[in-house]
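Engineer: Provide a 3D model corresponding to the input given below.
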Amino acid sequence: MMTHFLSKTVKFRFLILSLLFIVSSCEQADENYSTTEGTVVELKDNGRIGKGMRSYMVISYTDSKGVAQTGELNYDPLTKYPEVNDKISFKYNTNSPNQLMEEDSLYNTLTKPDIFIWIIILLFGIYWVYKNVLRNKA
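Structural biologist: Here you go, the predicted model:
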């Protein structure tokens with residue numbers, strides 16, 4: 001019979017603390033983004049049809065420091081129909097003001113590189129708890 005170095009209570013506390021760390025890290029990632037409103041200046045696409053097509057709008061706005069900025073924001077022409085001079089709300093990166101993203105977009109949340117790392121860590125954590133804590137109760 002294999003003896004475990006750490007008790008089940010310590011392992012469970014470690015898992016809880018790890019999950020809290022993951023949640024706080026995900027919330028901190030949004031601290032660099034600020035919500036604002038801008039004006040659509042131009043509508044563009046990359047000229048492709050079908051796979052690889054990218055439609056985006058050039059947006060002019062004023063950042064939180066009062067500096068005029070422009071940036072590009074992707075959109076799906078099948079679900080959104082922006083026009084030039086439309087007002088639109090979005091988030092921008094305060095460290096790099098030309099990086100824009102939709103205000104509430106699941107796609108933007110799931111495409112942040114660190115979210116995949118945390119999902120993998122979470123899955124390994126669940127597997128570890130199942131293997132080391134729950135299975136050994138019997």
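
Engineer: least trustworthy helix or strand in this structure by mean pLDDT?
Structural biologist: None of the helices or strands of the chain scores lower by mean pLDDT, DSSP states H and E than helix 106-110, at a mean of 53.

Engineer: for the following helix or strand past it, name the packing helices and strands.
Structural biologist: Scanning forward in sequence from helix 106-110 by DSSP states H and E, the next helix or strand is helix 113-129. Counting contacts by 3 or more C-beta pairs under 8 Å, 6 or more residues apart in numbering; DSSP states H and E, helix 113-129 is packed against helix 8-29. Just so you know, the C-beta spots here come from the backbone N, C-alpha and C atoms, and that holds for glycine as well.

Engineer: show me where this structure dips below the pLDDT cut-off.
Structural biologist: For the chain, the stretches with pLDDT under 70 are 1-8, 19-20, 22-31, 104-115, 134-138.

Engineer: repeat that with 50
Structural biologist: Counting by pLDDT under 50, the chain has low-confidence residues at 1-2, 28, 106.

Engineer: remind me, longest strand of it?
Structural biologist: Of all the segments of type strand in the chain, defined by DSSP state E, the longest one is strand 33-45.

Engineer: partner strands of the helix or strand following that strand and their direction?
Structural biologist: Per DSSP H and E, the first helix or strand lying C-terminal to strand 33-45 is strand 55-62. Paired with strand 55-62 in the same sheet, following DSSP bridges, are strand 33-45 (antiparallel), strand 68-74 (antiparallel).

Engineer: pull the distance from the longest one to the chain's centre.
Structural biologist: Here strand 33-45 is found 19 Å from its chain centre; the criterion is C-alpha atoms, centre = their mean, to the nearest Å.
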